[in-house]
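Asker: For reference, the sequence and a predicted model appear below.
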Amino acid sequence: MKWISACLFLFVIFNYMALAKAEKNEVPPEVVKALHAPDKVTLYSLEPWEQPTDKDEKLHGFKILGQSELDAKQTVIAVREFETAVSGWDGAIAMCFDPRQALRVSANKHTYDLLLCYACHQLYIYRDGESMAQLGAHGSSKILKDLLTEVGLPISKTEETEEEKAAARKEAEIARKRWDARIDQAIVELGESPQ
């Protein structure tokens, strides 16, 4: 019975990942146009794990640590990082959404908010306050964190360092090897049990 449960679990996970990967994962053309011909671009630093108070400024329910309008050079850097996160998506996605960086782009009489969570591999896009798209994302927040620092914005206290990410990857690899060993053992036990 354990073996069947384990196989069913793996089947669901692999199918979910395949379906997620198969979906179109592209920034909508309207948003791409806005990103490359904006009237105004604002970079936000968010704190996703802290419940905002009534006095705190919020962006789609997340506490704003700070915000800064970007100049043309900074806009190019930020837009490139957001687009690279989507184009570099590896198909993985987490069941969380804890964005620490966001862009607000004003163009063509619309406002587009792009909230990015590298840890959860997701990018949410809003147009004029309404949800427009949820995309997969992948990469490192280093360049955006450097840009936040450059414009004088605080960085989320929950932002993982590269060392913490490496340690988490190592733990995940150890856990995967343990899981593989358990599956192998379950298969062996199933083969030894009477039919």
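Answerer: Cool, the structure landed.
Asker: Which residue ranges of this protein form helices?
Answerer: 2-22, 29-36, 72-87, 142-150, 162-192 (DSSP state H).
Asker: Tell me where the model's unsure across the chain.
Answerer: 1-23, 160-168, 193-195 (pLDDT under 70).
Asker: now what about stretch 81-100, what contacts it?
Answerer: Under the criterion CB atoms under 8 Å, 6 or more residues apart in numbering, residues 17-18, 20-21, 25-27, 32, 35, 45-49, 62, 103, 114-124, 135-139, 141, 143-144, 147, 155-156, 158-159 lie in contact with stretch 81-100. Using the backbone N, CA and C atoms, a C-beta is placed for each residue, glycine as well.
Asker: Could you identify the buried members of these?
Answerer: 25, 27, 35, 45-48, 62, 103, 114-124, 135-139, 141, 144, 147, 155-156, 159 (16 or more other CB atoms under 10 Å).
Asker: Now intersect those with the strands, please.
Answerer: Using DSSP state E, 45-47, 62, 103, 114-117, 122-124, 135-136 are the members of the buried ones among the contacts of stretch 81-100 that sit in strands.
Asker: TSV for those, including distance to R178?
Answerer: Converted to TSV, these look like this (distance: CB to CB, whole Å):
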residue	distance to R178
S45	37
L46	34
E47	34
F62	35
L103	40
L114	37
L115	34
L116	32
C117	27
Q122	27
L123	32
Y124	33
L135	32
G136	27
